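Peer 1: sequence first, predicted model second:
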Amino acid sequence: MHTKFIFITGGVLSSLGKGLASASIGALLESRGLRVTFQKLDPYINVDPGTMNPFQHGEVFVTEDGAETDLDLGHYERFTHAVMSKKNNFTTGKVYETVIRKERRGDYLGKTIQVIPHITDEIKQRVLALAGEVDIALVEIGGTVGDIEGQPFLEAIRQLKSDLGGRNACYIHLTLVPYMKTSGEVKTKPTQHSVKALREIGIQPDILLCRTEKFLSKEIKAKIALFCNVDADAVITAKDVESIYEVPLLFHQEGLDGKILEVLNIWTGAPRLEKWEEVVHRARNPKHDVTVGMVGKYVSLAESYKSLNEALTHGGIANECRVDIRFIDSEELEQKGPDALLGGLDGILVPGGFGTRGIEGKILAASHARKKEVPFFGICLGMQTAIISIARDLCRLDRANSSEFDPETPYPVIDLMHEQVGVTAKGATMRLGAYPCSLLKDSLASRIYGAEEIRERHRHRYEVNNAFRDVLGRQGLAASGLSPSGDLVEIVEWKGHPWFLGCQFHPEFKSRPLDPHPLFRDFIRAALENRSSRPA
Ligand code: GLN
């Protein structure tokens, strides 16, 4: 079968969950045996999100091949088996960069370069590059219909339907149907306006996903269908749910997958959703509870640690356990001390991060977990802070630090590698993407993974300084994961503790609800064990 395309747009408001909706559609189509891939088209001008503030934009998701991408790619990977790469996310900035480079090279032979056709052609080319290996490519357009920035993207997907020919493209529009408490009714006008704006630019949606608090009645669906010129069975309720993993099941119940197949003229067997049902059942009916403290800087915004929060949830699902994440501000921890803020936690996690602010609080958290035998999981910066704490507390290396936070430190236990020194441009010097890592026999890490070699994704500049490996090792810190050459420390663990592990990579990027990551699964297991061994 040649590749067919689904284009997903959004209207009325941002944050309606277009990424999750796209991912859930992918999951449903996969459950019917179709191969899927995704693409996110971001209308902003940054060339990629690598340099964007996670406060504003949410997490930067890192792909196997080292692209720094939109967090929606994380949803796509979590919900399906699709593996995202550089070509699965691009921005206006990237498109213009390419077109301008071609223009400078003289590729356009003296023509005037215009939005239509040059920018739109470049967009179309990138979308069509998805064709080939999959049955369905789901293309999500960022932003909302009506945004100035989004217009070239919408024009490009408008053209694509006729380029691709009949029944090879399907337009799905996600909109809002608000419920008015005062009058006790749902309102369809915002949806009508949003679809009108789409039709003005030549796109007639095939299917409407209506984000709402309550199931829409037949009458309301018929009204929306009439005003928006779609079939009544093409109006789908996208009701709010407790767990995001319910969305594929909800969409199926509403008949969305059947309708998509009808629009695209595809025959498949019935969907196999048992695994999703099991995940939702486990998420809804936990047998246990744990509280994990997450110590960080951006903690006020859950979006900036999206994959991490999900990976913890997956670890919980694997243990039939609800994971309560308590966000702890590392600067507050610095001021009030660990006893005031870290009491009663079943596990402590220090996630990745950049910059000096709050760093001492994170080091304190690692020391506290080590001394009180609380399961500790340090990820990237979290591993670096754990090593600093051991260097200071146990190796008597006063003022040990990472040269990122204290360039004058006498003991740079975390440092830039030689070839990086002198390179200061931001955004280009990081170790990015998946690297192999060999695990030390009989270590906690090798027991957890049940493997000798693994591949995990990185996003950092600094590394463990090999000059301190011996002195740290003598205090019980084992380097249990190394790059195959042995030059780079990828995992450390501290002996004489129930569960104290740090990794230089970001395992959260590879965790899925149907396949929880082993490190998160085992961290939650250890937290649970810690909880049940403590007096109530
Ligand atoms: N700032 C640290 C480094 O660059 C850690 C980065 C991270 O946690 N992702 O090495």
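Peer 2: Thanks, I have the structure now. Residues are numbered from 1 along each chain as shown.

Peer 1: spit out the contact partners of the residue nearest in space to the middle of the chain.
Peer 2: Centroid-nearest residue in the chain, with C-alpha atoms, centre = their mean: Gly74, separated by 3.1 Å. By C-beta atoms under 8 Å, 6 or more residues apart in numbering, Gly74 lies in contact with 59, 61, 306-307, 310, 509. C-beta: built from backbone N, CA, C; applies to glycine.

Peer 1: 7 Å instead?
Peer 2: If you count contacts by C-beta atoms under 7 Å, 6 or more residues apart in numbering, Gly74 has them with 59, 61, 306-307, 509.

Peer 1: so Val230, which of the three states?
Peer 2: Assigned by DSSP: H, G, I helix; E, B strand; the rest coil, the conformation of Val230 is coil.

Peer 1: what does it show for phi and psi?
Peer 2: When quoted as degrees, to the nearest 10, the phi and psi of Val230 stand at phi -120, psi 170.

Peer 1: count the neighbours of it for me.
Peer 2: 21 (other C-beta atoms under 10 Å).

Peer 1: one more: Thr188?
Peer 2: When neighbours are counted by other C-beta under 10 Å, Thr188 comes out with 21.

Peer 1: how near is it to Arg211?
Peer 2: Per C-beta to C-beta, to the nearest Å, Thr188 is found 13 Å from Arg211.

Peer 1: shared neighbours of those two, which are they?
Peer 2: Val177.

Peer 1: where in the chain is the helix or strand with the lowest mean pLDDT?
Peer 2: The helix or strand of the chain with the poorest confidence is helix 54-57; it has a mean of 63 (mean pLDDT, DSSP states H and E).

Peer 1: next secondary structure element downstream of it?
Peer 2: Sequence order places strand 61-62 as the next helix or strand after helix 54-57, per DSSP states H and E.

Peer 1: and Leu249, what is it in contact with?
Peer 2: Here Leu249 is in contact with 273, 276-277, 280 (criterion: C-beta under 7 Å, 6+ apart).

Peer 1: buried subset of these?
Peer 2: 273, 276, 280 (16 or more other C-beta atoms under 10 Å).

Peer 1: about what we covered before: please report phi then psi for the residue nearest to the centre of the chain.
Peer 2: According to degrees, to the nearest 10, Gly74 has phi -60, psi -40.

Peer 1: low-confidence stretches in the protein?
Peer 2: Counting by pLDDT under 70, the chain contains low-confidence ranges at 1, 53-57, 298-303, 418-428, 536.

Peer 1: which residue lies farthest from the center of it?
Peer 2: No residue in the chain sits farther from the centre than Gly110, which is 42.6 Å out by C-alpha atoms, centre = their mean.

Peer 1: secondary structure of that residue: a helix, I assume?
Peer 2: No: read with three-state DSSP, Gly110 is coil and lies in no helix.

Peer 1: measure it to Asp121 for me?
Peer 2: 17 Å.

Peer 1: list the buried residues in the longest helix seen in the chain.
Peer 2: Longest helix in the chain, counting residues (DSSP state H): helix 518-533. Going by neighbour count (16+ other C-beta under 10 Å), the buried part of helix 518-533 is 518-531.

Peer 1: name the nearest of the residues you listed relative to the ligand.
Peer 2: Distance to the ligand, by C-beta to the nearest ligand atom, is smallest for Leu519 among those, at 15.4 Å.

Peer 1: residue contacts, that closest one?
Peer 2: Shown in contact with Leu519 (C-beta under 7 Å, 6+ apart): 448, 507.

Peer 1: ok, 8 Å please
Peer 2: So Leu519 contacts 377, 448-449, 501, 503, 507 (C-beta under 8 Å, 6+ apart).

Peer 1: residues contacting Asp163?
Peer 2: The contact partners of Asp163, by C-beta under 8 Å, 6+ apart, come to Lys124.

Peer 1: does it count as helix, strand or coil?
Peer 2: Recorded secondary structure, Asp163: helix (three-state DSSP).

Peer 1: and it, how far is that from the ligand?
Peer 2: Distance, Asp163 to the ligand, using C-beta to the nearest ligand atom, to the nearest Å: 41 Å.

Peer 1: please report how far that residue lies from Lys495.
Peer 2: Applying C-beta to C-beta to Asp163 and Lys495 gives a distance of 61 Å.

Peer 1: likewise for Arg126?
Peer 2: 50 Å.

Peer 1: more neighbours, the two?
Peer 2: For Arg126 versus Lys495, neighbours defined as other C-beta under 10 Å are more numerous around Arg126 (19 against 12).

Peer 1: and the spatially closest residue to that one that is not a sequence neighbour, what are its phi and psi?
Peer 2: Counting by C-beta to C-beta, 6 or more residues apart in numbering, Phe90 is the residue found nearest to Arg126 once chain neighbours are left out, at 5.7 Å. Backbone geometry at Phe90, expressed as degrees, to the nearest 10, gives phi -150, psi 160.

Peer 1: number the residues from 40 up from this point.
Peer 2: Yes, from this point I'll number from 40; that puts the last item at Phe129.

Peer 1: contacting residues for Phe129?
Peer 2: 78, 80-81, 165.

Peer 1: drop anything exposed from the residues you listed.
Peer 2: By 16+ other C-beta under 10 Å, the contacts of Phe129 give 78, 80-81, 165 as buried.
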